[in-house]
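> Give me a 3D structure for the following:
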Amino acid sequence: MSRRKARPARPSGSARTARPAGSAASGRTTGSASSGRTTGSASSGRPRTAAVPAVTADSPCPCGLPAAYGACCGRFHAGPETAPTAELLMRSRYSAFVVRDEPYLLRTWAPETRPADVDFDPELRWTGLEIEETGDGTAFHQRGTVTFRARFTHAGAPGALHERSRFTRHEGAWVYVDGDFLD
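Numbering: from 1, shown residues only. Below you'll find the predicted structure:
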């Protein structure tokens with residue numbers, strides 16, 4: 001049974017965690033993709049973020065395609081190039097959660113569902129992405145869907161997120177709108 005996402009949710013069901021594709025929400029969102037939550041530092045009072053996993057331009061791309069990160073999703077993260085299909089946007093957003101690229105996640109979120117910011121959970125690591133199905137979402141479409149499973153570990157325990165995400169074009173570029181949890 002699927003349910004429409006109204007707010008992001010962490011694998012444990014918390015309503016404050018963003019998923020790989022993102023989610024409709026207003027206000028602050030907690031990211032769960034290989035992430036680090038921004039928290040206050042006791043000594044400085046300034047936000048701090050958990051260490052970002054080491055992904056370089058020459059590393060295998062986290063999205064699972066057989067290419068180096070810099071030639072695959074990294075080129076979209078660096079801009080100004082945009083993902084030409086909804087599936088490539090989904091893959092690039094997953095990789096953005098892995099490398100904790102908040103500006104890219106926000107830039108590729110539909111304005112009507114975009115949160116104010118994305119926090120990353122330091123106990124969650126994304127470990128793999130499988131695209132199960134795509135619907136429309138090519139250069140010839142205005143809307144598309146991508147069904148995927150994203151594997152993760154949270155505090156050392158394995159899990160998976162199964163979602164059908166919806167995408168649309170905004171000012172010519174693909175953006176994430178929202179999705180349904182399938183499991």
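
> and His170, what does it touch?
Contacts here follow Cβ atoms under 8 Å, 6 or more residues apart in numbering; on that basis His170 touches Ala110, Pro111. In short, each C-beta sits where N, CA and C put it, glycine included.

> try it again with 10 Å
Contacts here follow Cβ atoms under 10 Å, 6 or more residues apart in numbering; on that basis His170 touches Thr108, Trp109, Ala110, Pro111, Glu112, Tyr176, Val177.

> got it, and Thr138?
Applying Cβ under 10 Å, 6+ apart, we find Thr138 in contact with Pro84, Thr85, Ala86, Glu87, Gly144.

> Ok, Glu130 next?
Glu130 neighbours (Cβ under 10 Å, 6+ apart): Gly64, Thr147, Phe148, Arg149, Ala150, Arg151, Ala160, His162.

> Quick check: the residue nearest to Ala155 when sequence neighbours are not counted vs Thr153, distance?
Leaving aside its chain neighbours, Ala155 sits nearest to Glu123 (4.6 Å; criterion: Cβ to Cβ, 6 or more residues apart in numbering). Taking Cβ to Cβ, to the nearest Å as the criterion, Glu123 is separated from Thr153 by 9 Å.
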